[in-house]
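# okay, here's the prediction I keep looking at, along with the sequence it came from:
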Amino acid sequence: MHNRQMSQNDLYIYYSVAPADASRHRVALQKLTRRVEQDYRIRCTLRFRRDPARKEDTWMEVWHAVSPGFEHFLLPLATESGAAACISGQRHYELFQEPPEPV
């Protein structure tokens, strides 16, 4: 369903995590990304930004070459891995694609 050959979309998911939950979140995310990469051949890059003013850090998952709607497939897996339990507030989703070729 979500295959590298089907699409050149990248899904950016960002959210806040309290510093006290960062280690637990990292372990859960590694479990999640390993499973998706192994079972579906979809690669994820993790990013992180400290935000001392907010007392929470911003985390970003970049899922490469996915189909639109991939976030609906991913959400139960994030819950199962424990990654979703570490998040403060909402997850934000942005889908980007390669720019069109010039004419």
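Nice, thanks for sending it over.
# name the nearest residue to residue 62, sequence neighbours excluded.
Using Cβ to Cβ, 6 or more residues apart in numbering and skipping the chain neighbours, the partner closest in space to residue 62 is residue 45 (4.4 Å). Just so you know, the C-beta spots here come from the backbone N, C-alpha and C atoms, and that holds for glycine as well.
# can you tell me the element the one you found falls in?
Taking DSSP states H and E as the definition, residue 45 sits inside strand 44-49.
# for the very next helix or strand once past that strand, packing partners?
Per DSSP H and E, the first helix or strand lying C-terminal to strand 44-49 is strand 57-66. Applying 3 or more Cβ pairs under 8 Å, 6 or more residues apart in numbering; DSSP states H and E, we find strand 57-66 packed against strand 9-17, helix 22-40, strand 44-49.
# buried residues, strand 57-66. List them.
Using 16 or more other Cβ atoms under 10 Å as the test for burial, strand 57-66 gives 57, 59, 61-63, 65-66.
# can you redo those residues as TSV with pLDDT and distance to residue 102?
As requested, the buried residues of strand 57-66 are exported to TSV (pLDDT from 0 to 100; distance: Cβ to Cβ, whole Å):
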residue	pLDDT	distance to residue 102
57	96	39
59	97	35
61	98	31
62	98	26
63	98	27
65	95	22
66	96	25
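# so residue 94 sits against residue 11, correct?
Yes: counting by Cβ atoms under 8 Å, residue 94 does reach residue 11; the two are 7.4 Å apart.
# okay, those two: which has more neighbours?
residue 11 (24 against 12; other Cβ atoms under 10 Å).
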